[in-house]
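A.B. asks: What follows is a predicted structure for the sequence shown.
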Amino acid sequence: MATMRTVSQGLKIALVQNLVGKNKQENIDHSFSLVRKARENGATMISLPECFQSPYGNQYFGEYAETIPGYTTEQLKSLAKELGIYLIGGSIPERDGDKLYNTTTVFNPSGDMILKFRKIHLFDIDIPGKITFLESNTLSSGSKIGYFDTKYCRVGIGICYDIRFPELAMLMNKLGCKVLIYPGCFNMTTGPVHWELLIRARALDNQCYCCAVSQARDDSASYVAWGNSTVCDPWGEVVGKAGSKEEIIYSDIDFERIEMIRNQIPIGKQKRNDIYELKYLS
Ligand SMILES: NC(=O)CCC(=O)C(=O)O
(Lines give C-alpha, C1' and ligand atoms only; values in the text may rest on other atoms or scores of the structure.)
Protein backbone atom coordinates (compact mmCIF):
# COMPACT_ATOMS: atom_id res chain seq x y z
CA MET A 1 0.00 0.00 0.00
CA ALA A 2 1.21 3.48 -0.97
CA THR A 3 4.91 2.80 -0.61
CA MET A 4 6.52 3.08 -4.08
CA ARG A 5 7.60 6.60 -4.94
CA THR A 6 8.80 7.88 -8.29
CA VAL A 7 9.09 11.56 -9.03
CA SER A 8 8.20 11.69 -12.69
CA GLN A 9 7.60 15.36 -13.36
CA GLY A 10 9.47 18.47 -12.49
CA LEU A 11 7.31 20.35 -10.02
CA LYS A 12 9.52 21.26 -7.09
CA ILE A 13 7.80 23.58 -4.63
CA ALA A 14 9.68 25.84 -2.23
CA LEU A 15 8.02 27.53 0.73
CA VAL A 16 9.89 30.66 1.82
CA GLN A 17 9.40 31.36 5.54
CA ASN A 18 10.77 34.88 5.74
CA LEU A 19 11.06 37.08 8.81
CA VAL A 20 8.88 40.17 8.39
CA GLY A 21 9.80 43.47 10.00
CA LYS A 22 8.36 46.98 9.79
CA ASN A 23 10.33 48.19 6.75
CA LYS A 24 8.39 47.25 3.62
CA GLN A 25 11.29 47.63 1.20
CA GLU A 26 13.57 45.54 3.41
CA ASN A 27 10.86 42.86 3.62
CA ILE A 28 10.57 42.80 -0.17
CA ASP A 29 14.33 42.79 -0.80
CA HIS A 30 15.04 40.14 1.80
CA SER A 31 12.22 37.79 0.83
CA PHE A 32 13.25 38.13 -2.82
CA SER A 33 16.81 37.11 -1.94
CA LEU A 34 15.34 33.93 -0.40
CA VAL A 35 13.26 33.32 -3.54
CA ARG A 36 16.46 33.59 -5.61
CA LYS A 37 18.12 31.07 -3.32
CA ALA A 38 15.17 28.69 -3.69
CA ARG A 39 15.44 28.99 -7.46
CA GLU A 40 19.19 28.24 -7.32
CA ASN A 41 18.25 25.10 -5.41
CA GLY A 42 15.98 23.95 -8.24
CA ALA A 43 12.50 25.11 -7.17
CA THR A 44 10.07 25.67 -10.05
CA MET A 45 7.17 27.03 -7.96
CA ILE A 46 7.89 29.26 -4.98
CA SER A 47 5.50 30.66 -2.39
CA LEU A 48 5.88 33.49 0.07
CA PRO A 49 3.71 33.72 3.23
CA GLU A 50 0.64 35.77 4.10
CA CYS A 51 1.64 39.44 4.49
CA PHE A 52 5.21 38.88 3.31
CA GLN A 53 5.94 42.63 3.03
CA SER A 54 3.84 43.86 5.96
CA PRO A 55 3.58 42.88 9.62
CA TYR A 56 0.31 41.01 10.24
CA GLY A 57 -2.20 43.11 12.21
CA ASN A 58 -5.15 45.46 11.79
CA GLN A 59 -2.96 48.43 12.70
CA TYR A 60 -0.68 47.72 9.70
CA PHE A 61 -3.02 46.79 6.84
CA GLY A 62 -3.92 50.35 5.81
CA GLU A 63 -0.34 51.65 5.98
CA TYR A 64 1.12 48.85 3.87
CA ALA A 65 -1.81 48.52 1.45
CA GLU A 66 -1.31 48.96 -2.30
CA THR A 67 -3.34 48.74 -5.45
CA ILE A 68 -2.94 45.65 -7.64
CA PRO A 69 -1.19 46.00 -10.03
CA GLY A 70 1.04 48.24 -7.93
CA TYR A 71 4.45 48.69 -6.39
CA THR A 72 4.92 45.24 -4.83
CA THR A 73 3.15 43.19 -7.49
CA GLU A 74 5.19 44.82 -10.28
CA GLN A 75 8.31 43.58 -8.50
CA LEU A 76 6.83 40.09 -8.08
CA LYS A 77 6.09 40.08 -11.80
CA SER A 78 9.69 40.99 -12.72
CA LEU A 79 11.12 38.40 -10.34
CA ALA A 80 8.94 35.59 -11.70
CA LYS A 81 10.02 36.46 -15.25
CA GLU A 82 13.69 36.88 -14.41
CA LEU A 83 13.83 33.51 -12.62
CA GLY A 84 11.40 31.68 -14.94
CA ILE A 85 9.26 30.39 -12.07
CA TYR A 86 5.68 30.25 -10.88
CA LEU A 87 5.70 32.76 -8.03
CA ILE A 88 2.95 32.89 -5.41
CA GLY A 89 3.24 36.31 -3.83
CA GLY A 90 2.06 35.21 -0.37
CA SER A 91 -0.36 38.02 0.29
CA ILE A 92 -0.31 41.77 0.64
CA PRO A 93 -2.89 44.20 1.97
CA GLU A 94 -4.70 45.44 -1.15
CA ARG A 95 -6.44 48.80 -1.49
CA ASP A 96 -9.34 48.97 -3.94
CA GLY A 97 -11.31 52.21 -3.64
CA ASP A 98 -12.28 52.60 0.00
CA LYS A 99 -11.89 48.88 0.74
CA LEU A 100 -8.94 46.79 1.91
CA TYR A 101 -8.42 43.10 1.16
CA ASN A 102 -5.86 40.43 2.03
CA THR A 103 -4.77 39.38 -1.46
CA THR A 104 -2.56 36.79 -3.12
CA THR A 105 -1.20 37.26 -6.62
CA VAL A 106 0.39 34.52 -8.73
CA PHE A 107 2.78 35.03 -11.67
CA ASN A 108 3.85 32.54 -14.31
CA PRO A 109 7.39 32.16 -15.72
CA SER A 110 6.62 34.79 -18.39
CA GLY A 111 5.67 37.30 -15.70
CA ASP A 112 1.92 37.25 -16.39
CA MET A 113 -0.36 37.64 -13.40
CA ILE A 114 -2.41 34.44 -13.60
CA LEU A 115 -4.36 34.83 -10.35
CA LYS A 116 -5.51 37.52 -7.98
CA PHE A 117 -7.24 35.93 -5.00
CA ARG A 118 -8.74 37.74 -2.01
CA LYS A 119 -8.95 35.96 1.36
CA ILE A 120 -12.50 34.68 1.68
CA HIS A 121 -12.83 33.84 5.39
CA LEU A 122 -11.59 36.62 7.61
CA PHE A 123 -9.80 35.79 10.85
CA ASP A 124 -12.33 36.81 13.48
CA ILE A 125 -11.78 34.84 16.66
CA ASP A 126 -12.10 35.44 20.39
CA ILE A 127 -10.33 33.13 22.82
CA PRO A 128 -10.51 34.99 26.15
CA GLY A 129 -7.16 35.56 27.81
CA LYS A 130 -5.32 34.22 24.75
CA ILE A 131 -6.11 35.90 21.46
CA THR A 132 -8.83 38.13 20.10
CA PHE A 133 -8.47 39.15 16.49
CA LEU A 134 -11.08 40.81 14.30
CA GLU A 135 -9.67 40.99 10.79
CA SER A 136 -13.07 42.15 9.52
CA ASN A 137 -12.56 45.40 11.47
CA THR A 138 -10.29 46.56 8.65
CA LEU A 139 -10.58 44.11 5.76
CA SER A 140 -13.34 43.06 3.40
CA SER A 141 -13.63 39.45 2.29
CA GLY A 142 -13.22 38.09 -1.20
CA SER A 143 -15.96 36.17 -2.91
CA LYS A 144 -14.25 34.12 -5.61
CA ILE A 145 -12.51 30.76 -5.42
CA GLY A 146 -8.79 30.85 -6.29
CA TYR A 147 -6.91 28.45 -8.55
CA PHE A 148 -4.48 28.64 -11.46
CA ASP A 149 -3.20 26.34 -14.17
CA THR A 150 0.47 25.51 -14.63
CA LYS A 151 2.25 23.22 -17.05
CA TYR A 152 2.32 20.64 -14.24
CA CYS A 153 -1.20 20.71 -12.78
CA ARG A 154 -3.97 22.93 -11.47
CA VAL A 155 -3.16 24.54 -8.10
CA GLY A 156 -5.67 25.83 -5.54
CA ILE A 157 -5.10 28.81 -3.28
CA GLY A 158 -6.55 29.84 0.07
CA ILE A 159 -5.21 32.30 2.61
CA CYS A 160 -4.53 31.15 6.18
CA TYR A 161 -7.92 31.03 7.99
CA ASP A 162 -9.42 29.73 4.71
CA ILE A 163 -7.75 26.38 5.54
CA ARG A 164 -10.31 25.87 8.33
CA PHE A 165 -13.10 25.51 5.77
CA PRO A 166 -12.98 22.00 4.25
CA GLU A 167 -15.70 22.85 1.73
CA LEU A 168 -13.38 25.30 0.00
CA ALA A 169 -10.66 22.67 -0.38
CA MET A 170 -13.22 20.10 -1.54
CA LEU A 171 -14.37 22.48 -4.23
CA MET A 172 -10.78 23.09 -5.37
CA ASN A 173 -10.32 19.31 -5.52
CA LYS A 174 -13.53 18.98 -7.49
CA LEU A 175 -12.16 21.57 -9.93
CA GLY A 176 -9.10 19.39 -10.48
CA CYS A 177 -6.47 20.93 -8.18
CA LYS A 178 -3.73 18.44 -7.28
CA VAL A 179 -1.85 20.86 -5.02
CA LEU A 180 -3.34 23.28 -2.48
CA ILE A 181 -1.24 26.19 -1.22
CA TYR A 182 -2.16 28.34 1.77
CA PRO A 183 0.02 31.37 2.48
CA GLY A 184 -0.61 31.78 6.21
CA CYS A 185 0.33 33.25 9.55
CA PHE A 186 -1.07 31.19 12.44
CA ASN A 187 -0.47 32.29 16.01
CA MET A 188 0.99 30.90 19.23
CA THR A 189 -2.40 29.85 20.65
CA THR A 190 -3.93 27.87 17.79
CA GLY A 191 -0.72 27.07 15.90
CA PRO A 192 0.64 24.33 18.19
CA VAL A 193 -2.44 22.09 17.87
CA HIS A 194 -4.34 23.20 14.78
CA TRP A 195 -1.80 24.18 12.07
CA GLU A 196 -0.33 20.81 11.10
CA LEU A 197 -3.59 18.99 11.80
CA LEU A 198 -5.46 21.24 9.34
CA ILE A 199 -2.79 20.85 6.65
CA ARG A 200 -2.82 17.07 7.01
CA ALA A 201 -6.62 16.99 7.05
CA ARG A 202 -6.94 19.01 3.83
CA ALA A 203 -4.32 16.78 2.16
CA LEU A 204 -5.92 13.54 3.32
CA ASP A 205 -9.55 14.36 2.67
CA ASN A 206 -8.72 15.56 -0.85
CA GLN A 207 -5.88 13.09 -1.53
CA CYS A 208 -3.66 15.88 -2.78
CA TYR A 209 -0.56 17.79 -1.70
CA CYS A 210 -1.29 20.55 0.80
CA CYS A 211 1.28 23.25 1.55
CA ALA A 212 1.04 26.06 4.10
CA VAL A 213 3.70 28.76 4.29
CA SER A 214 4.10 31.03 7.31
CA GLN A 215 6.12 34.07 8.24
CA ALA A 216 9.05 33.20 10.52
CA ARG A 217 8.46 33.78 14.23
CA ASP A 218 9.41 37.11 15.78
CA ASP A 219 8.83 37.00 19.54
CA SER A 220 8.94 40.80 19.72
CA ALA A 221 6.13 41.33 17.19
CA SER A 222 2.62 42.35 18.28
CA TYR A 223 1.31 39.22 16.50
CA VAL A 224 3.72 36.32 16.93
CA ALA A 225 3.63 33.92 13.98
CA TRP A 226 3.72 30.18 14.60
CA GLY A 227 6.11 29.45 11.70
CA ASN A 228 6.37 25.72 10.92
CA SER A 229 5.68 25.97 7.18
CA THR A 230 4.63 22.48 6.09
CA VAL A 231 4.08 20.27 3.05
CA CYS A 232 1.85 17.22 3.43
CA ASP A 233 1.43 14.53 0.78
CA PRO A 234 -1.84 12.83 -0.32
CA TRP A 235 -1.25 9.98 2.13
CA GLY A 236 -1.44 12.51 4.98
CA GLU A 237 2.29 12.32 5.68
CA VAL A 238 4.32 15.45 6.39
CA VAL A 239 7.09 15.52 3.75
CA GLY A 240 8.56 18.93 4.53
CA LYS A 241 8.52 21.00 7.68
CA ALA A 242 10.25 24.19 8.85
CA GLY A 243 10.95 25.20 12.42
CA SER A 244 10.06 28.61 13.81
CA LYS A 245 12.95 30.56 12.33
CA GLU A 246 13.64 31.82 8.82
CA GLU A 247 13.96 28.83 6.48
CA ILE A 248 13.12 27.53 3.03
CA ILE A 249 11.59 24.08 2.65
CA TYR A 250 11.38 22.08 -0.59
CA SER A 251 9.19 19.31 -1.84
CA ASP A 252 9.00 17.38 -5.12
CA ILE A 253 5.41 16.81 -6.17
CA ASP A 254 4.84 13.21 -7.17
CA PHE A 255 1.78 12.99 -9.44
CA GLU A 256 1.99 9.19 -9.72
CA ARG A 257 1.66 9.00 -5.96
CA ILE A 258 -1.52 11.07 -6.06
CA GLU A 259 -3.06 8.72 -8.65
CA MET A 260 -1.90 5.59 -6.84
CA ILE A 261 -3.46 6.68 -3.54
CA ARG A 262 -6.66 7.79 -5.27
CA ASN A 263 -6.93 4.34 -6.87
CA GLN A 264 -6.10 2.46 -3.68
CA ILE A 265 -8.64 4.35 -1.57
CA PRO A 266 -11.19 5.62 -4.11
CA ILE A 267 -13.12 8.03 -1.89
CA GLY A 268 -13.51 10.43 -4.83
CA LYS A 269 -15.68 7.83 -6.60
CA GLN A 270 -17.44 6.64 -3.45
CA LYS A 271 -18.87 9.99 -2.42
CA ARG A 272 -22.65 9.95 -1.85
CA ASN A 273 -23.64 13.39 -2.96
CA ASP A 274 -27.22 12.11 -3.16
CA ILE A 275 -27.16 11.91 0.65
CA TYR A 276 -25.04 14.94 1.61
CA GLU A 277 -25.43 17.20 -1.38
CA LEU A 278 -23.35 20.37 -1.32
CA LYS A 279 -24.55 22.95 -3.80
CA TYR A 280 -21.34 23.39 -5.78
CA LEU A 281 -19.98 19.87 -5.34
CA SER A 282 -22.71 17.84 -7.01
N1 LIG B 1 -3.91 34.96 9.55
C2 LIG B 1 -4.86 34.13 9.88
O3 LIG B 1 -5.85 33.95 9.18
C4 LIG B 1 -4.66 33.41 11.17
C5 LIG B 1 -5.46 32.14 11.27
C6 LIG B 1 -5.20 31.44 12.55
O7 LIG B 1 -4.25 31.71 13.26
C8 LIG B 1 -6.14 30.39 12.95
O9 LIG B 1 -6.01 29.90 14.08
O10 LIG B 1 -7.02 30.03 12.16
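C.D. replies: Here it is on my side, so go on.

A.B. asks: residues contacting residue 179?
C.D. replies: For residue 179, the contacting residues are 11, 13, 153, 155-156, 208-211, 253, by CB atoms under 8 Å, 6 or more residues apart in numbering. From N, CA and C alone the C-beta is placed, and that goes for glycine too.

A.B. asks: give me the element it is part of.
C.D. replies: Assigned by DSSP states H and E, residue 179 belongs to strand 177-184.

A.B. asks: what does residue 115 give?
C.D. replies: Counting by DSSP H and E, residue 115 is found in strand 113-118.

A.B. asks: Okay, strands next: where are they in the stretch 51-200 of the chain?
C.D. replies: 86-88, 92-96, 99-107, 113-118, 124-127, 131-134, 146-149, 154-157, 177-184 (DSSP state E, counting those that start in this stretch).

A.B. asks: For residue 72, find the nearest of the ones you listed.
C.D. replies: Residue 72 lies closest, by CB to CB, to one member of these: strand 92-96, at 5.3 Å.

A.B. asks: buried sites along the closest one?
C.D. replies: 92-95 (16 or more other CB atoms under 10 Å).

A.B. asks: again with stretch 71-87
C.D. replies: By 16+ other CB under 10 Å, the buried positions in stretch 71-87 come out as 72-73, 75-77, 79-81, 83, 85-87.

A.B. asks: now stretch 212-223
C.D. replies: Using 16+ other CB under 10 Å as the test for burial, stretch 212-223 gives 212-218, 221, 223.

A.B. asks: Which part of the stretch 1-150 of the chain gets nearest to the ligand, residue-wise?
C.D. replies: The minimum distance from the stretch 1-150 of the chain to the ligand, using CB to the nearest ligand atom, falls at residue 123 (3.5 Å).

A.B. asks: how many neighbours does that residue have?
C.D. replies: Number of residues near residue 123 (other CB atoms under 10 Å) recorded here: 24.

A.B. asks: Could I get the buried residue list for the longest helix seen in the chain?
C.D. replies: Ordering each helix of the chain by length in residues (DSSP state H) puts helix 24-40 first. The neighbour-count check on helix 24-40 (16+ other CB under 10 Å) flags 24, 27-28, 30-32, 34-35, 38-39 as buried.

A.B. asks: Which strand residues bridge the residue nearest the centre of the chain?
C.D. replies: Among the residues of the chain, the one closest to the centroid is residue 182, at 2.0 Å (CA atoms, centre = their mean). Beta bridges link residue 182 to residue 212 when assigned by DSSP bridges.

A.B. asks: who's in contact with it?
C.D. replies: Contacts of residue 182 by CB under 8 Å, 6+ apart are 157-160, 162-163, 199, 210-213.

A.B. asks: Residue 231 falls within a strand, correct?
C.D. replies: Yes. Secondary structure of residue 231 (DSSP: H, G, I helix; E, B strand; the rest coil): part of a strand.

A.B. asks: I'd like to check which residues are in contact with it.
C.D. replies: 13, 15, 209-211, 238-241, 249, 251.

A.B. asks: Could you report the pLDDT at it?
C.D. replies: For residue 231, the model assigns a pLDDT of 98.
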